[in-house]
Every structure is written in structure tokens, then in C-alpha cells.
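Sequence first, predicted model second:
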Amino acid sequence: MQKLTVRFFERPTVEVARSLLGKILVHDSEAGVAAGRIVETEAYLFHDDPACHAARGKTNRNAAMFGPPGTAYVYLVYGLHYCFNVVTGKAGEGEAVLVRSLEPLSGLDLMAFRRGNPKTRLLASGPGRLCQALGIGKSQNGADLSAGSLFLAGDGYPEAEIITTGRIGITVAAGLPLRFYMAGNAYVSRK
């Protein structure tokens, strides 16, 4: 399994959002290794996208989003759940891809423990569940995803049909066709 390099993330955000489908997200924490195949993403763009955290400029909360491509942007939503994003495009632009769902591959017992023993389909289906299952939190915000214990990798998984829809879980700019998921995959958060 080969780690994705910064070059993978330096491309246009929508292109990266689609290309991340089928890739592996791995977190090698003190508790053990947990990993899953990315099956659902959403792109967030700096220009003409009011739902993007960077749309109103750089703040302490979204600073990682302006970092170099291949940086983790992790934030807390509703004061309850962390969401994991991958910074894309050019440094300073403030664009990222939200990883919405994973198909669990490795560390299933650890994921189930972290999530309270739910069914395998629900271990990492949705951005909050995904972060909880993989043990991703505030300490991973700003991490370099090409070097370290939290990383993305490719394993030669064959391309699948990609469905494009509007984003979900938001009210502003929800209709933009910036959500992508693998057709027929049971681990997608919502069809």
C-alpha cells in the first residue's frame, strides 16, 4: 500500500474529491491501526461556495484549511462530532475535501470499541462516525497526510461508477453538485 504524496492533493479540489474514492484512510494510533476505503466525499471550494469554511477568510478555527495541500483539516461540528477534511489545491486558497464515509477494512474491533459496538455498516458511515471509529480528533488538525500516523494510501482498487449529487447535512449551497460516492456501496452515509 503506497502513501499518497502531496502531488496527489495539489490538483483541483473537485478532481481530488472524485479521485479519493477507493483510496484508503489509515490512522496508526497508540490504540492500534484502523483503516477504511473512502466511499463518499464532498468538495468545498473557496470561490462561490458560501458553505466552505474559508469563504469568509482565514480564522484560528480554519487556519489548517489554508495550509499546504495534503494537510488534515479537522474541526468540531455542533460541539459534538469531529469531521476530517483533506486540504487540496494551492496553499493559501482554503479548499478541502470532506471525507464522509469509509468502508471499514482493518481494525474493526478497535472501531467497534470506539463506536460502542455498532453494526459494521455503521462504523464509519458519516463524517462524525468516521472520526470516532478511526480516533481522529483535534490533535490531528494540521497533520501532514503524506508523512505520519494519519495518512492516505492507494492500493490499486479498480475504479467504480461515481454518483454526483448535492451535498448533505448543510443548508447553505447544498444544491451544488459537489458530493461524490461509489455507486452500490453499502457504506455510503445516504443514497
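Nice, thanks for sending it over. Numbers count the residues shown, from 1 in each chain.

residue ranges with poor pLDDT in the chain?
Counting by pLDDT under 70, the chain has no low-confidence residues at all.

Look up phi and psi at the closest residue to L152 other than its chain neighbours.
Nearest in space to L152, with sequence neighbours left out and distances taken as C-beta to C-beta, 6 or more residues apart in numbering, is L4 at 4.5 Å. Every C-beta, even on glycine, is put in place using the N, C-alpha and C of the backbone. The phi/psi pair for L4 (degrees, to the nearest 10) reads phi -70, psi 140.

was I right about L4 contacting A147?
No - taking contacts as C-beta atoms under 8 Å, L4 lies outside contact range of A147: 11.0 Å.

Flag every buried residue along the helix or strand encompassing A72.
Here A72, judged by DSSP states H and E, is contained in strand 72-77. For strand 72-77, the buried set under the neighbour-count rule, 16 or more other C-beta atoms under 10 Å, comprises 72-75.

what's the answer for stretch 47-65, then?
Using 16+ other C-beta under 10 Å as the burial criterion, the residues of stretch 47-65 that qualify are 49, 51-55, 62, 64-65.

which among the buried residues of strand 72-77 gets closest to A124?
Lowest distance from A124 to the buried residues of strand 72-77 (C-beta to C-beta) belongs to V74, with 14.9 Å.
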